[in-house]
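Colleague: okay, sequence plus prediction incoming.
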Amino acid sequence: MRRALPWRLLAWGALGVSLHIGLARFGYGVVLPTLRSEMALGYTAGGVLNAVHLGGYLAGTLSGAALARRVGMAGLGRLGHGLAAAGALVCALVPTDPATGPWLLGAGRLAAGFGGGWAVIAILVTVLGGIAVAAREQASVLLWAGLAVAVLGCGLAAPWLLEPALWRLVFVAAAVVAVVLAVGFPAAREVAPAAAGEPGFTLAAVATSRWAWLVATYFCFGLGYIAYATFAGARLAAAGETVAVVTLTWSTAGLATLAGSLLTLAVLARPRLRPLALPGAMALAAVGAAVASLPGLVAALGGAVLVGLGLAATPALITAAARTRSSAGDYASAFSVATAVLGLGQLLGPVLAGALADALGAVAAPLFGAAAYAAGAAVALADLRAGRRPR
């Protein structure tokens, strides 16, 4: 009988989430002001370079389930982490020449994102496959709490990372962690395909009420959080805030992410509040992104707190729900499709928010994130209503 919470497996999985979802994206947001200065990048170009990583992640996610059938989940995880390490190393070594640096940085980001897509599928299937059903939501929250570690670490390191050339340390750290995760990838318990007579997961299932609202919520989350994460630091820099304010804002977001994970665990323990966990997390983040568009330290910190409360909770709840709504044999495919839709949101978010920021000013980026989060809260409520209807 499996233990309810295998802590070593959870800690390993949380480190993977910390790398591929946290450091790879929020670390980039922290160092973007320096990158923009050293490589003469506009907001749109800065957003595109993050979107390239997310595009690679989308491609890796879509191809991961098929590749896993050939090499196994452990093989997929090792290949993914190896590619992520190579991509991060390229990013760490690129020249700052505006003619070649952004192109090489984009190539490294693309490889790291592609490997990250493979790795995250392998991590979640491996970890949630080793968790008892009754503890799966709680375990998913703890797994995604690894995101808080990355955000907090980036915040505390911001004074050094914003120094000239030291942005490279983010990518060096990512390469090292990816190698550690590849070497330490646990043996995955390969799952059997769906039993005879049991309907398997297909793309057509996404159009049903069982999946459509949940997947749409994930898309809106991808749009909202990546718009905030990519441009929060650049927004503060454009407003003339000091490095100390940037550091405090990111550190606050990290602590709030951790607090949001603990709050979600408390909500899940209360049956009457449990259904409201997902729409509540999205609604808090919508308010937070809107607050972050206002000037001043109080607005920056208040926005970071509210966005952070739902930052790890939202993907934790959605990935756990996807596991509950699919068989063990179909989870990799179901997760791939759901995460691909998230990836599409993440791909569009930096480009759209960056273009709006170039056209209307940096304040447009958090407002775009607020609108996306608000739409996600509404869709999450629709998913809740659909789940209460008789089938």
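Modeller: Great, that's in hand.
Colleague: and residue 61, what is it in contact with?
Modeller: 117, 118, 120, 121, 336, 339, 340, 343 (CB atoms under 8 Å, 6 or more residues apart in numbering). Heads up, the C-betas are built off the backbone N, CA and C, glycines and all.
Colleague: and which of the residues you listed is nearest to residue 51?
Modeller: residue 343 (10.3 Å; CB to CB).
Colleague: of all the contacts of residue 61, which comes closest to residue 303?
Modeller: The closest of the contacts of residue 61, once distances to residue 303 are taken by CB to CB, is residue 343, at 24.6 Å.
Colleague: from residue 117, how far off is that closest one?
Modeller: Distance, residue 343 to residue 117, using CB to CB, to the nearest Å: 7 Å.
Colleague: helices of the protein, residue ranges please.
Modeller: 7-17, 28-39, 43-93, 101-129, 136-144, 146-161, 168-183, 212-238, 243-268, 277-292, 297-311, 313-324, 331-360, 364-388 (DSSP state H).
Colleague: now these in JSON lines, with distance to residue 206?
Modeller: Putting these into JSON lines (distance: least, CB to CB, whole Å) gives the following:
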{"stretch": "helix 7-17", "distance to residue 206": "24"}
{"stretch": "helix 28-39", "distance to residue 206": "29"}
{"stretch": "helix 43-93", "distance to residue 206": "13"}
{"stretch": "helix 101-129", "distance to residue 206": "17"}
{"stretch": "helix 136-144", "distance to residue 206": "21"}
{"stretch": "helix 146-161", "distance to residue 206": "25"}
{"stretch": "helix 168-183", "distance to residue 206": "30"}
{"stretch": "helix 212-238", "distance to residue 206": "6"}
{"stretch": "helix 243-268", "distance to residue 206": "25"}
{"stretch": "helix 277-292", "distance to residue 206": "18"}
{"stretch": "helix 297-311", "distance to residue 206": "23"}
{"stretch": "helix 313-324", "distance to residue 206": "11"}
{"stretch": "helix 331-360", "distance to residue 206": "6"}
{"stretch": "helix 364-388", "distance to residue 206": "13"}
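Colleague: mean pLDDT for the ones you listed - can I get that in a markdown table?
Modeller: Output for the helices of the chain, formatted as a markdown table (pLDDT from 0 to 100):
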| stretch | mean pLDDT |
| --- | --- |
| helix 7-17 | 87 |
| helix 28-39 | 84 |
| helix 43-93 | 88 |
| helix 101-129 | 89 |
| helix 136-144 | 81 |
| helix 146-161 | 84 |
| helix 168-183 | 92 |
| helix 212-238 | 85 |
| helix 243-268 | 85 |
| helix 277-292 | 92 |
| helix 297-311 | 90 |
| helix 313-324 | 81 |
| helix 331-360 | 81 |
| helix 364-388 | 89 |
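Colleague: neighbour count winner among residue 343 and residue 117?
Modeller: Just comparing residue 343 and residue 117: by other CB atoms under 10 Å the higher neighbour count belongs to residue 117, 29 against 26.
Colleague: that one contacts residue 56, correct?
Modeller: Yes. With contact defined as CB atoms under 8 Å, residue 117 counts as touching residue 56 (6.8 Å).
Colleague: quick one: contacts for the closest residue in space to residue 14 that isn't next to it in sequence?
Modeller: The spatial neighbour of residue 14 that comes closest, neighbours along the chain excluded (CB to CB, 6 or more residues apart in numbering), is residue 146 at 3.2 Å. Applying CB under 8 Å, 6+ apart to residue 146 gives the contacts 13, 14, 15, 16, 17, 18, 21, 22, 312.
Colleague: noted, bye for now.
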